[in-house]
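> Here is my input, please return the structure:
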Amino acid sequence: MKFMKLGSKPDLFQTEGSSIRYVASELETDVVVHVGDVKFYLHKFPLLSKSARLQKLVSSNEGNSDEINIHDIPGGSTAFEICAKFCYGMTVTLNACNVVAARCAAEYLEMHETIEKGNLIYKVDVFLNSSIFRSWKDSIIVLQTTKSLLPLSEELKLVGHCIDAIASKASVDISKVNWSYTYNRKKIAEENGNDPNCNVIRNRTIPNDWWVEDLCDLEIDLYKRVIMTIKNKGIISNDVIGEALKAYAYRKLPGSGKNVIPQNDMSKFRSILDTIVWLLPPEKGCVSCSFLLKLLKAAISADSGEAVKMELVKRVGQQLEEASVNDLLIRAHEGETMMYDVHVVQKILEEFRTQDHIVENETENGSEIQEIRRPGILSEASKLMVAKLVDGYLAEIAKDPNLPLSLFIGISDMVSGFSRPAHDGLYRAIDTYLKEHSGISKSDRKRICRLMDCKKLSADACMHAVQNERLPLRVVVQVLFFEQVRAAASSGSSTPDLPKAIKDLNCGSYGSSRSATTNNDEDWDAVASAEELRALRGELAALRMGNGLVHDRNVGENKAAISRMKGLIMSKRIFSKIWSKGGQNENSGSDSSEGLGSITNQDEIAKSTPTRRGRHSVS
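Next comes the predicted model:
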């Protein structure tokens with residue numbers, strides 16, 4: 001810390017108790033100056049020779065009283081004592097901690113050059129300009145002290161000079177920075193075994209954001225002015241500005257995003273948060289999506305204004321592909337029935353989707369305004385990452401027993417247009433929802449299962465689905481059929497065409513031409529029974545066994561033929577309901593005959609298939 005000593009005489013100020021100061025001198029004191037609760041017993045001559053204000057107060061004192069009251073002097077009794085010692089020529093030390101108080105007190109006492117050459121104001125200004133404003137750390141300390149001396153420190157431009165000095169030093173080329181590595185000196189020493197001969201600190205490369213930690217000591221209003229001045233200089237990159245804001249947020253907003261905000265600090269918390277959001281550079285990517293979501297969680301917890309929350313929602317939506325599932329798990333307010341704030345995630349997804357098209361207004365025929373939509377900036381990779389993110393998010397919020405099905409489906413539909421090769425994540429989310437909401441109706445089970453494409457399930461997911469008692473039989477049969485198609489294709493054999501009834505099941509349009517849903521439709525929408533699942537598992541096992549034996553045509557040809565025949569018979573039994581229904585009211589005979597085999601005796605097969613009527617659904 002820089003310092004300057006004024007005066008050469010010994011310090012003769014003495015203290016008596018906590019409220020009396022006097023000068024130890026042979027001369028009797030002739031004036032008492034009241035500064036707050038402290039009385040100073042002093043001599044008029046040294047004081048009046050350097051202070052125009054004290055001259056006026058003494059001359060205007062009624063009744064020639066020797067007592068003067070100056071309760072409103074900036075810096076209080078401490079600052080006045082510095083000025084009084086200077087008047088006596090006693091040694092006084094100025095540093096970054098007291099120089100602003102001394103300067104403001106000297107201004108109050110009117111200690112100008114017109115009263116005496118080399119007066120206190122002149123001395124302090126020289127010290128500020130030659131030392132303090134040239135020192136990085138001292139400039140920050142001085143700026144902090146100006147807070148308690150407003151508005152005079154602002155009127156004297158001390159605040160502005162400090163801010164300009166700090167911003168200029170933060171913007172200087174790093175090759176010219178003389179940095180003490182204060183905040184990480186201990187860590188570096190520990191990394192090098194506390195070797196006193198190690199010179200790694202001097203040789204360490206100075207990072208671009210070397211200044212951000214030191215500025216975290218500032219209060220938010222001063223910090224805002226410093227950052228704005230740095231930004232206006234246009235030298236520091238937005239990435240470094242973003243890093244500075246992140247460091248400040250973590251220092252000043254403890255517990256941000258965890259709904260842990262002391263109620264008595266709520267107003268201060270909200271002010272800091274709003275200012276950080278306001279200072280964020282407009283460019284995408286200057287801060288991470290994870291940090292933006294932490295700010296959003298904090299804004300929701302602190303009940304910030306809608307403008308702040310929507311700004312964060314917009315920014316998160318612009319780089320949503322960077323987020324993680326945990327980032328999106330935003331706790332709902334106390335008193336809400338749901339665990340998470342799903343509605344704000346919907347808004348984020350909507351902001352993400354708006355990037356996929358650009359809306360422009362064009363004037364047609366000189367008067368009419370026509371809306372033109374042009375391709376947006378979203379890449380297929382970004383869409384795929386967001387789709388996977390949403391699948392994982394749905395799997396987490398599905399555990400909430402109070403989550404409405406409409407919200408689950410609404411979130412899923414927002415990314416339904418994003419192509420993704422596998423639906424395993426979506427299947428896991430659907431299965432989790434069905435597990436946690438076992439009491440939902442058949443129609444709701446059908447609605448939620450329509451979200452996934454059974455053709456896009458992996459082999460492991462198919463195996464799980466075929467054994468899943470929470471899925472409607474309709475879905476289980478679709479899974480089995482597509483697994484059979486895939487197995488046939490991988491073995492090199494001819495892939496059967498998709499029967500018309502299976503197509504109807506897959507697209508969710510089965511029975512759409514009928515005027516009413518039949519009892520058989522209700523059977524298909526109910527969950528699969530244990531017997532049906534065992535039959536389907538047997539079909540899948542036979543299918544896998546048959547497929548494996550096909551690859552070795554020279555070994556066990558008889559077993560392979562038997563396995564294929566068993567699989568075909570089982571296929572006829574499982575799919576007989578669908579094929580028979582597909583030919584009742586639609587011209588789909590060619591579709592079913594081109595499938596896995598033709599059906600010759602529907603009544604016989606129907607008798608061998610367990611009925612679903614009259615049994616209870618397995619949830």
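> pull the helix or strand with minimum mean pLDDT from the protein.
helix 589-593 (a mean of 33; mean pLDDT, DSSP states H and E).
> Contact partners for the closest residue to residue 330 other than its chain neighbours?
Spatially, and ignoring its direct neighbours in sequence, residue 330 is nearest to residue 341 (4.5 Å; Cβ to Cβ, 6 or more residues apart in numbering). C-beta coordinates here come from the backbone N, C-alpha and C atoms, glycine included. Contacts for residue 341 (Cβ atoms under 8 Å, 6 or more residues apart in numbering) come out as 300, 330-333.
> at 7 Å what do you get?
Counting by Cβ atoms under 7 Å, 6 or more residues apart in numbering, residue 341 makes contact with 300, 330-332.
> any idea which of those is closest to residue 423?
Nearest to residue 423 among the contacts of residue 341: residue 330, at 25.4 Å, using Cβ to Cβ.
> what about that closest one, distance to residue 387?
Relative to residue 387, residue 330 is positioned 20 Å away (Cβ to Cβ, to the nearest Å).
> Equivalent analysis for residue 80, please.
Note on residue 80: its distance to residue 387, by Cβ to Cβ, is 70 Å.
> Check residue 316 too.
When residue 316 is compared with residue 387 (using Cβ to Cβ), they lie 17 Å apart.
> Look at those two and report which has more neighbours.
Set side by side, residue 316 and residue 387 show more neighbours around residue 316, with 27 against 22, by other Cβ atoms under 10 Å.
> just for the stretch 351-500 of the chain, where's the confidence low?
Scanning the stretch 351-500 of the chain for pLDDT under 70 picks out the ranges 357-377, 490-500.
> what are the ranges of the strands in it?
357-364, 368-375 (DSSP state E, counting those that start in this stretch).
> got the contact list for stretch 144-151?
With Cβ under 7 Å, 6+ apart as the criterion, stretch 144-151 contacts 74-75, 97, 100-101, 104, 153, 158-159, 162, 217-219, 222.
> Residue 41: neighbour count?
Neighbour tally, residue 41, other Cβ under 10 Å: 17.
> actually residue 418, sorry about that
The burial count for residue 418: 19, using other Cβ under 10 Å.
> list the contacts for the spatially closest residue to residue 281 that is not a sequence neighbour?
Leaving out its chain neighbours, the residue that sits closest to residue 281 by Cβ to Cβ, 6+ apart is residue 238, at 3.8 Å. Neighbour list for residue 238: 281, 283, 286 [criterion: Cβ under 7 Å, 6+ apart].
> Make a PyMOL selection of whichever of those residues turn out to be buried.
Command for PyMOL that selects the buried part of those, burial taken from 16 or more other Cβ atoms under 10 Å:
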select buried, resi 281+286
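> nearest to residue 208, of the contacts of residue 238?
Among these, and counting by Cβ to Cβ, the member closest to residue 208 is residue 286, at 13.3 Å.
> can you give me the strands for the stretch 1-150 of the chain?
Under DSSP E, counting those that start in this stretch, the stretch 1-150 of the chain gives strands at 3-6, 13-16, 20-23, 31-35, 38-42, 67-69, 92-95.
> roughly how far apart are residue 233 and residue 84?
Counting by Cβ to Cβ, the gap from residue 233 to residue 84 is 41 Å.
> who's more crowded, those two?
residue 84 (27 against 12).
> What pLDDT does the model give the more buried one?
pLDDT for residue 84: 95.
> wait, what's in contact with it?
Residue 84 sits next to 40, 42, 47 when contact means Cβ under 7 Å, 6+ apart.
> Show me the beta-bridge partners of the first one.
Think residue 40. When bridges are taken as DSSP bridges, the partners of residue 40 come out as residue 21, residue 33.
> Provide a list of residues in contact with it.
Residues in contact with residue 40 (Cβ under 7 Å, 6+ apart) are 21, 32-33, 84.
> Report how many residues lie close to residue 59.
8.
> actually residue 128, sorry about that
Residue 128 has 25 neighbours, counted by other Cβ under 10 Å.
> mind checking how far the nearest residue to it once chain neighbours are set aside is from residue 219?
Distances taken as Cβ to Cβ, 6+ apart put residue 99 closest to residue 128, at 6.5 Å, once the chain neighbours are dropped. Applying Cβ to Cβ, the value for residue 99 to residue 219 is 19 Å.
> Could you do residue 284 as well?
For residue 284 relative to residue 219 (Cβ to Cβ), the value is 30 Å.
> tell me the mean pLDDT over stretch 337-350?
Per-residue pLDDT over stretch 337-350 has a mean of 94.
> Okay, buried residues for it please.
338-342, 344-345, 347-349.
> Render the CA-only coordinates of that stretch in PDB, please.
Only the C-alpha atoms of stretch 337-350 are listed here, as PDB (Å, rounded to 0.1, in the frame of the first residue of the first chain):
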ATOM      1  CA  THR A 337     -48.100 -28.800  -6.100                       C
ATOM      2  CA  MET A 338     -45.400 -29.800  -8.500                       C
ATOM      3  CA  MET A 339     -41.700 -30.400  -7.600                       C
ATOM      4  CA  TYR A 340     -40.300 -28.400 -10.600                       C
ATOM      5  CA  ASP A 341     -41.100 -25.300 -12.500                       C
ATOM      6  CA  VAL A 342     -41.900 -27.000 -15.800                       C
ATOM      7  CA  HIS A 343     -43.500 -23.900 -17.300                       C
ATOM      8  CA  VAL A 344     -40.300 -21.900 -17.400                       C
ATOM      9  CA  VAL A 345     -38.600 -24.800 -19.200                       C
ATOM     10  CA  GLN A 346     -41.400 -24.700 -21.800                       C
ATOM     11  CA  LYS A 347     -40.600 -21.000 -22.300                       C
ATOM     12  CA  ILE A 348     -36.900 -21.900 -22.700                       C
ATOM     13  CA  LEU A 349     -37.700 -24.500 -25.300                       C
ATOM     14  CA  GLU A 350     -39.900 -22.000 -27.100                       C
END
